[in-house]
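Visitor: okay, here's the prediction I keep looking at, along with the sequence it came from:
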Amino acid sequence: MTTLKRAAVQGASVVSKKPKTITDFFRSSETIRTVSTSSKLPQTQKSPLPKPSQQTPNSTHDVSDDPDYSKFCSQHNFNKEEWVASLSEEQKSLLALEIANLHVSWLAFLHKTITQPYFLNLKRFLAKQVGKTIFPPSSQVYSWSHYTPLPTVKCIIMGQDPYHNHNQAHGLAFSVLEPTRPPPSLLNIYKALKLDFPSFEVPDYKTLASAGKPGGGNLTKWAKNGVLMLNAVLTVESHKANSHAGQGWEKFTEEVLRVAIEYCAKTPNNGIAIMAWGSPAQKRVSMFNKQLADSNKYIVIKSVHPSPLSASRGWFDSHVFRQCNEWMGEHGYTKVDWGVMEGNVVE
């Protein structure tokens, strides 16, 4: 057993072998393995929607054989046209973005929550923001759902809220659009990856710029490879961090987590690694501790946040990426390819 594996096992804590079911989402009576790394280990623009991923990292659902997810929806008793027809005119108006842009694999499980009062009130709040600059652009708010359809999820990374400057946020936590330089938190993520996998090629902004490809902070490749990069809050006003917190997004993204966990529990040969970086993410994930399935299905990897404000308190010693792939390899799941640069496969 490697030093990292031994430390990870020592840092694991079994939550409960007999979780009490609170909702219909969780019916298993097994346990979750939780690893803490902090102490145990030394509307302004329009852009096209991304195409759904054609990969099936850990799921038995054949996406390549069902590109429009019609079979998937049939299997899960969801008919989008019938559901839309059942909505009131006000609901259709308020939920126009979700109807058009939320990927159907997620909509099949989230359509009930988005018709609840809390979500409709959130949409009324957003409707009142007309005239303000909101990030990401509306067409990209749900890009996470298109790059990482539900059956392809094998790792979840929770962020806080979108970047609030121009040409940054595009619907994936921690990721920024070209030609934006990687922000400080993302640079620390790259540094940690380099420590875990020396073969990881760190995107160099100057080199990319000189080649006419400035950027280096777009993590779309991760999303396509099964990493659900989900912020707790999905929109933000320009230059006002957390300005849309407390309006309802948090409850919605908790439901996204719940759906991913529940789907995994019912799907053979499927497992999810959940990255909980920083206290807010850890608190959000901890609410599912008693409801998650056994350690062969899930692992929660905790660490401090990669932000420069906290990274010095253990981020670079956390080895979160190596832990993730070691756990996946040990349990027969497809490892995450953490490479960002074209041709750089990092497993």
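Guide: Good, I have the coordinates.

Visitor: remind me, longest helix of this protein?
Guide: Looking only at the chain and at elements set by DSSP state H, the helix with the highest residue count is helix 249-266.

Visitor: got the CA coordinates for that one in PDB?
Guide: The C-alpha coordinates for helix 249-266 follow below in PDB (Å, rounded to 0.1, in the frame of the first residue of the first chain):
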ATOM      1  CA  TRP A 249     -30.000  28.600  -6.500                       C
ATOM      2  CA  GLU A 250     -28.500  26.700  -3.500                       C
ATOM      3  CA  LYS A 251     -31.600  24.600  -3.000                       C
ATOM      4  CA  PHE A 252     -31.600  23.800  -6.800                       C
ATOM      5  CA  THR A 253     -28.000  22.700  -6.900                       C
ATOM      6  CA  GLU A 254     -28.500  20.600  -3.800                       C
ATOM      7  CA  GLU A 255     -31.200  18.800  -5.900                       C
ATOM      8  CA  VAL A 256     -28.700  18.400  -8.700                       C
ATOM      9  CA  LEU A 257     -26.400  16.700  -6.200                       C
ATOM     10  CA  ARG A 258     -29.200  14.600  -4.900                       C
ATOM     11  CA  VAL A 259     -30.200  13.500  -8.400                       C
ATOM     12  CA  ALA A 260     -26.600  12.500  -9.300                       C
ATOM     13  CA  ILE A 261     -26.200  10.500  -6.100                       C
ATOM     14  CA  GLU A 262     -29.600   8.800  -6.500                       C
ATOM     15  CA  TYR A 263     -29.000   7.900 -10.100                       C
ATOM     16  CA  CYS A 264     -25.600   6.500  -9.300                       C
ATOM     17  CA  ALA A 265     -27.000   4.400  -6.500                       C
ATOM     18  CA  LYS A 266     -29.400   2.700  -8.900                       C
END
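
Visitor: residue numbering should commence at 128 henceforth.
Guide: Understood, numbering begins at 128; the last thing we discussed is helix 376-393.

Visitor: need the next SSE after that helix, C-terminal direction.
Guide: Where DSSP states H and E defines the elements, the next helix or strand beyond helix 376-393 is strand 399-404.

Visitor: quick one, strands of the stretch 228-377 of the chain?
Guide: For the stretch 228-377 of the chain, the strands defined by DSSP state E, counting those that start in this stretch cover 261-262, 282-286, 354-358, 363-364.

Visitor: redo those strands as a markdown table? Include distance to residue 441 and mean pLDDT.
Guide: The way it works is simple: take the backbone N, C-alpha and C, and place the C-beta from them, glycine included. Conversion of the strands of the stretch 228-377 of the chain to a markdown table gives the following (distance: least, Cβ to Cβ, whole Å; pLDDT from 0 to 100):
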| stretch | distance to residue 441 | mean pLDDT |
| --- | --- | --- |
| strand 261-262 | 30 | 95 |
| strand 282-286 | 17 | 94 |
| strand 354-358 | 22 | 96 |
| strand 363-364 | 28 | 96 |
